[in-house]
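Q: Fold the following, please.
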Amino acid sequence: MSVDRLRVLREFADRGTIAAVAAALSMTPSAVSQQLKVLAMEAGVALLERDGRRVRLTDAGRALVVRADEVLAALDRAVAEMAHYRGSPRGRVRVAVFPSGGALLLPAVLSAMADSGVDLVASDVDLPPSEVSRLLADYDVVLTHRDERAEPITDPRVTVHLLMREPIDVVVAPTHRLAGRTAVTPEELADETWLSVRGGFPIDDVQRSIATLTGVQPRIAQRLNDFRVIENLVASGYGVALMPRYSVAHPELSVLLLTGVRAARLFELAIRPRAEGSPAIAAVIAAFRAAAAGVTAESVTNGQ
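A: Alright, predicted model coming up:
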């Protein structure tokens, strides 16, 4: 089986349509279709089936994609190993980070990668964890986050490395009735007006847990995914908010521990299985681990 055709199959698994694969690989749709037809002939089984006006992978097609991942990862490792003999690690590593996670970890990661031979190209991508598999079509490493009670990613085409746990606290304005407190219960927040994030993100998951405990649906005035905007609105008295502990930057906010509910988000790195066989990708993962360890060590030192 041709490596190039296996790449086309993997791209179809990642992107879902012939047109999207054609655009990604700078091919015509007919050329993509022909490559997949030839691959099916080589495999001796149907790899695609009709699904309305579109096509999708058959069970055999999905099984072959997993093997294609293995073959292509082995080829990438071979290329990386040759780079090792030229003075590893080297190469470009494309990294997607969620904005607040990037703000927290990326400076240390980029510093660690300086003069390493690794060209780290980072992009901020504000998507929920459910989009990780799709993101790996365009990125080598994805920094994602999820509520610690949420189900982990179980996609066989994704490998996940846990980096750190970040508590989620309540922030209120300096003039708020709870300002100056060290902790607060969900019941004490039942009548508050909230500033929250869009659905599918860890903060929203914790918000729903509070609603379950109190039996009161939160009154959410605004949903914004920029924590700096949320902080400024809270400080101005427009409501209260849940914030990841290490992301709180506004000096006037009062930060309260939320008791009676598990409130934290997990930072995770997602890659394709066996991708860390590449010295460059392994170096980036190690840099993220070190950056996360530095953040948690600093929080312990500061008594957070």
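Q: Could you point out the longest helix of this protein?
A: Under DSSP state H, the helix in the chain containing the largest number of residues is helix 59-85.
Q: show me the contacts for A60.
A: In this structure, A60 makes contact with 43, 45-47, judged by C-beta atoms under 8 Å, 6 or more residues apart in numbering. Bear in mind the C-beta positions are built from the backbone N, C-alpha and C, glycine included.
Q: Tell me the one of the residues you listed nearest R134?
A: Proximity to R134 was ranked across the contacts of A60 by C-beta to C-beta; first place goes to L47, at 20.0 Å.
Q: Now do the closest one, the pLDDT please.
A: L47 is assigned a pLDDT of 86 by the prediction.
Q: Repeat that for the one 5 residues further on.
A: G52 carries a pLDDT score of 81 in this model.
Q: Which parts of the chain are helices?
A: The residue ranges that make up the helices of the chain, judged by DSSP H, are 3-15, 18-25, 29-43, 59-85, 99-113, 132-135, 202-214, 227-235, 279-301.
Q: Flag every buried residue along the fifth one.
A: For helix 99-113, the neighbour count (16 or more other C-beta atoms under 10 Å) marks 99-106, 108-109, 112-113 as buried.
Q: just stretch 219-227 next, same as before
A: Buried residues in stretch 219-227, counting neighbours by 16+ other C-beta under 10 Å, are found at F227.
Q: and for stretch 111-122, what are the contacting residues?
A: Residues external to stretch 111-122 that are found in contact with it (C-beta under 8 Å, 6+ apart): 87-97, 102, 106, 109-110, 280, 283-284, 287, 290-291.
Q: hmm, back to that, of all the contacts of A60, which two lie farthest apart?
A: Every pair of the contacts of A60 checked by C-beta to C-beta; the farthest is A43 and A46, at 8.7 Å.
Q: which one of these two has more residues nearby?
A: A43 (17 against 12; other C-beta atoms under 10 Å).
Q: need the contact list for the closest residue to the more buried one other than its chain neighbours.
A: Of all residues not flanking A43 in the chain, L64 sits nearest, at 6.2 Å (C-beta to C-beta, 6 or more residues apart in numbering). For L64, the contacting residues are 6, 9, 39, 43, 47, by C-beta under 8 Å, 6+ apart.
Q: most surrounded residue in these?
A: Each of the contacts of L64 was scored by neighbours using other C-beta under 10 Å; the highest score is L9's, at 27 neighbours.
Q: Am I right that it is in contact with L47?
A: Yes. The pair L9 and L47 qualifies as a contact (C-beta atoms under 8 Å) at a distance of 6.9 Å.
Q: picking up where we left off before, pLDDT at the residue nearest to A43, what is it?
A: Listed pLDDT for L64 reads 89.
Q: swap in H84?
A: Model confidence at H84, expressed as pLDDT, equals 63.
Q: next one: the longest helix of the chain to chain centre, how far?
A: Averaged C-alpha coordinates place helix 59-85 at 22 Å from its chain's average position (C-alpha atoms, centre = their mean, to the nearest Å).
Q: Any buried residues in that helix, and which?
A: Taking 16+ other C-beta under 10 Å as the neighbour-count basis, helix 59-85 is seen to contain the buried residues 60-61, 64-65, 68-69, 72-73, 76-77, 80, 83.
Q: quick one, it and helix 279-301 angle?
A: 90 degrees (axes from the mean of the first three to the mean of the last three C-alpha atoms, to 10 degrees).
Q: okay, the angle between helix 59-85 and helix 29-43?
A: Angular relation of helix 59-85 and helix 29-43 on a 0 to 180 degree scale: 100 degrees, by the same axes, to 10 degrees.
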